[in-house]
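# Quick one: sequence and predicted model below, then my questions.
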Amino acid sequence: MTAFVAHTTIDCRNAYELSEWWKPVLGYVDLDGDPNLPGHEECLIHDPETGHRLLFIEVPDDKVVKNRLHLDLRPRAATRDEEVETVLAHGATLVADLRGKYGPGTGWAVLADPEGNEFCMLRSEAELAT
């Protein structure tokens, strides 16, 4: 038995606002012919390079505890630390700073989007190569 991941779903209070927040963070866009609009209870965005999709669905529940599933992000061009600063300036919050946890140049940062959904920022591919 096998299956594939059609999309990753993120429960939220405001699907449109959260999808708009994530688009510049990931470089994702709306689907052609299916624009997300204010008031939409479901908003789907995708990576134009890989096709990966994120679906934001409005739910009545508040986030209460740590995510059991989260996104690990790797910067496309910037360094990990530069990308951490960029997403912080964009409205993310720093949950845990684990940069350097295993010595200089190691680790990651745990951040949260405006609704508290946690994600990690890893080192870039270029940083891993050094």
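Now that the structure is in, tell me what you want to look at.
# what about the strands in this protein?
With strands called from DSSP state E, the chain shows them at 8-12, 29-30, 42-46, 53-58, 71-73, 93-97, 109-112, 118-121.
# want to try CSV for the ones you listed, with mean neighbour count and mean pLDDT as columns?
(Glycine included, C-beta is placed from N, CA and C.) As requested, the strands of the chain are exported to CSV (neighbours: other CB atoms under 10 Å; pLDDT from 0 to 100):
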stretch, mean neighbour count, mean pLDDT
strand 8-12, 18, 94
strand 29-30, 14, 98
strand 42-46, 21, 98
strand 53-58, 18, 97
strand 71-73, 15, 96
strand 93-97, 14, 97
strand 109-112, 20, 96
strand 118-121, 21, 96
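# Dump those strands to a markdown table, plus distance to G103.
Formatted as a markdown table, these follow (distance: least, CB to CB, whole Å):
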| stretch | distance to G103 |
| --- | --- |
| strand 8-12 | 32 |
| strand 29-30 | 38 |
| strand 42-46 | 36 |
| strand 53-58 | 33 |
| strand 71-73 | 20 |
| strand 93-97 | 15 |
| strand 109-112 | 16 |
| strand 118-121 | 18 |
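# Let me know which of these is the nearest to V87.
strand 109-112 (6.0 Å; CB to CB).
# Show me what that closest one is packed against.
Using 3 or more CB pairs under 8 Å, 6 or more residues apart in numbering; DSSP states H and E, the elements in contact with strand 109-112 are helix 80-90, strand 93-97, strand 118-121.
# Great, nothing more from me.
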